[in-house]
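Q: need a structure here:
(one chain, ligands or ions: 1)
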Amino acid sequence: MKTPAAVNAERVSKAVGGFPVLDEVCLDVGPSEIHALIGLNGAGKTTLMRILLGMLKPDRVSVHLARIPVFDSPAQVWSRVGQMLETPFAYPELTARENVYCSARLHGMRREAADLATRRALSDLGLERYARQRVGTLSLGNRQRVGLAAALVHGPDVLVLDEPTNALDPRGVIVLRRLLREACRDRGAAILVSSHHLDEVSRMADRISVLHRGRIIGSLQPGTVDLERRFFDLVLHSDLHEQGQ
Ligand SMILES: Nc1ncnc2c1ncn2[C@@H]1O[C@H](COP(=O)(O)OP(=O)(O)OP(=O)(O)O)[C@@H](O)[C@H]1O
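A: Sure thing, here's the model as predicted:
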């Protein structure tokens, strides 16, 4: 049975060293949906994603993955999750192929299926010619491609990707967009991506939430004009509101 694909965070707060990094953040990602999180540097995007993936404990716990509280999620649930945070999943001393294969096996795939899925993921990400090269010797963009192949290899129902395109070339961006769209369409994947690039998320996402100083301050409509202006309006309005308090 497939695990229902959904991410849900209710009023997640997190302080680090007494400084609030996240403040009552509510966020959800439904099946067959790409939800983009956009915000300035230091807004809290990575911290939120780490909490959603159970890597960091929020101060108040109400985070659900596949409708199960994240800290109680069994291996079965995690096997249906793919992620790539700041440092892509990659052992530098292993080859690209070995890295992706390891990810497939760690997500519970049997040898033969893992082998097949690894070939497909390497081909999807345009990595065939680097398959036997050690990841530590690859370019930054190709390391990111390996991280993405490792996140996607097992066909996850939930995907959490932190700035998945920041090192990709324009062709890589298009490829990733297509792969994410296919994951949504073919298996109803719930996908959360963070980015700094409004144009890119506008093309990729179904929903865009703006995170600023640890709070969700509004949303943007993908595909509409003037997203940049709307984004800065929200940021400015939030800053002015904070100063006025
Ligand atoms: N372990 C930590 N110790 C101290 N401060 C931290 C720690 N983790 C996060 N922070 C702070 O929390 C804030 C949010 O960081 P986070 O990495 O989540 O932002 P981000 O939105 O992903 O930023 P960027 O777009 O630059 O990647 C930052 O001010 C950061 O310095």
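
Q: what is the burial count for the closest residue to Cys184 other than its chain neighbours?
A: Ranked by C-beta to C-beta, 6 or more residues apart in numbering and with sequence neighbours excluded, the top spatial neighbour of Cys184 is Ser32, at 4.8 Å. Backbone N, C-alpha and C define where each C-beta goes, glycine included. By other C-beta atoms under 10 Å, the residues close to Ser32 number 15.

Q: show me which residues of this structure are close to the ligand?
A: Applying C-beta under 6 Å from any ligand atom, we find that the chain lies next to the ligand at 16-17, 21, 39, 41-47.

Q: out of the residues you listed, who's the most crowded?
A: That'd be Gly44 among these, by other C-beta under 10 Å, with 26 neighbours.

Q: just the pLDDT for that one.
A: Among the per-residue scores, Gly44 shows a pLDDT of 95.

Q: now Met1
A: Met1 is assigned a predicted lDDT (pLDDT) of 43.

Q: residues contacting Asn142?
A: Applying C-beta atoms under 8 Å, 6 or more residues apart in numbering to Asn142 gives the contacts 96, 127, 130.

Q: among those residues, name the buried ones.
A: For the contacts of Asn142, a burial check counting by 16 or more other C-beta atoms under 10 Å picks out 96, 127, 130.

Q: which of these fall within strands?
A: Secondary structure from DSSP state E places none of those in strands.

Q: out of those residues, who's nearest Ile208?
A: Within the buried ones among the contacts of Asn142, the smallest distance to Ile208 is 29.1 Å, found for Leu127 (C-beta to C-beta).
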